[in-house]
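> Sequence plus the predicted model coming up.
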Amino acid sequence: MIKEIGKVYLVGAGPGDVEYLTVKAYRLLASAQVLVYDALVDSQLLDCVPVDCLKIDVGKRGGKPSTSQNEINDLLVKHCLEKKQVIRLKSGDPLIFGRCILEIAALKNAGCEFEIIPGISSALAAPLLAGIPLTDNVLSRCFAVCTAHEPETLNWEVLASLETLVILMGGKNLPEIIHQLIKYRKSHSTPIAIIRWAGTPRQEVWTGELGNILEQTADLSLSPAVIVIGEVVRLRDYL
């Protein structure tokens, strides 16, 4: 049943395939009046909303034209104040590198009701779907997740010391990532995996070492990709 007041649901779509949606996310999509979605959301997810749902593509894909964050904020507020049930659909989990805080701030300032619905982050799902465990009793007792969208902002000395590193939004900056890790004494033979379009029929995986992965992926588009660096990548052969 549609409520008499507007509300915005900030929903995580998971890594891609509609089958990785949570049950709650699926139910909310089925009753949505307005859907505001990013470019990376799999097109199958658009079939989950009612036929009369207003679908708004805000196209937030790195390096390509997209709706500004302020415009997105205004859209959410506008439709919520019109007493609509609004789904803000984001890839993965909405609070992991999703600029969700800016949208929440705009909703709070406008007095709009909102709720955050968790999703499966590609940082966790992509390695799993590629057969790579992020932890192991011997090889990896911890892991870290970062975005390499702005590699110059990262503390590479600390990151290079970790047993397992998961990097999002790093495809275009792969040469710089490798340069920085080796600069801070990561071995050229350290295993690396690049998982593109994880959780979709287009999923592809490249594995190698820091010293040779650039040769393997030369002239390829590696976006969207999750990069896993560490000895656990070798376990893929067993899993």
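Yep, that arrived.
> Quick one: the strands in this protein, in order.
For the chain, the strands defined by DSSP state E cover 7-12, 34-37, 54-57, 85-90, 113-117, 144-147, 164-168, 191-196, 204-209, 225-230.
> Make CSV out of the ones you listed and add mean pLDDT, mean neighbour count and distance to residue 182.
Backbone N, C-alpha and C define where each C-beta goes, glycine included. CSV is the format used below for the strands of the chain (pLDDT from 0 to 100; neighbours: other Cβ atoms under 10 Å; distance: least, Cβ to Cβ, whole Å):
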stretch, mean pLDDT, mean neighbour count, distance to residue 182
strand 7-12, 97, 24, 34
strand 34-37, 96, 23, 39
strand 54-57, 96, 14, 40
strand 85-90, 96, 26, 33
strand 113-117, 98, 16, 39
strand 144-147, 96, 18, 17
strand 164-168, 98, 24, 13
strand 191-196, 97, 24, 11
strand 204-209, 97, 17, 11
strand 225-230, 97, 27, 11
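> Is it possible to get JSON lines of these that adds distance to residue 76?
Converted to JSON lines, the strands of the chain look like this (distance: least, Cβ to Cβ, whole Å):
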{"stretch": "strand 7-12", "distance to residue 76": "5"}
{"stretch": "strand 34-37", "distance to residue 76": "6"}
{"stretch": "strand 54-57", "distance to residue 76": "10"}
{"stretch": "strand 85-90", "distance to residue 76": "6"}
{"stretch": "strand 113-117", "distance to residue 76": "8"}
{"stretch": "strand 144-147", "distance to residue 76": "23"}
{"stretch": "strand 164-168", "distance to residue 76": "24"}
{"stretch": "strand 191-196", "distance to residue 76": "30"}
{"stretch": "strand 204-209", "distance to residue 76": "34"}
{"stretch": "strand 225-230", "distance to residue 76": "28"}
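> pLDDT weak spots in this structure?
For the chain, the stretches flagged by pLDDT under 70 are 1-4, 41, 60-65.
> tell me the centre residue of it?
With distances taken as Cα atoms, centre = their mean, the residue of the chain nearest its centroid is residue 92 (4.4 Å).
> Check which helices and strands the longest helix seen in the chain sits against.
The residue-count maximum for a helix in the chain (DSSP state H) belongs to helix 69-81. For helix 69-81, the elements it packs on are strand 7-12, strand 34-37, strand 85-90, helix 100-109, judged by 3 or more Cβ pairs under 8 Å, 6 or more residues apart in numbering; DSSP states H and E.
> Noted, bye for now.
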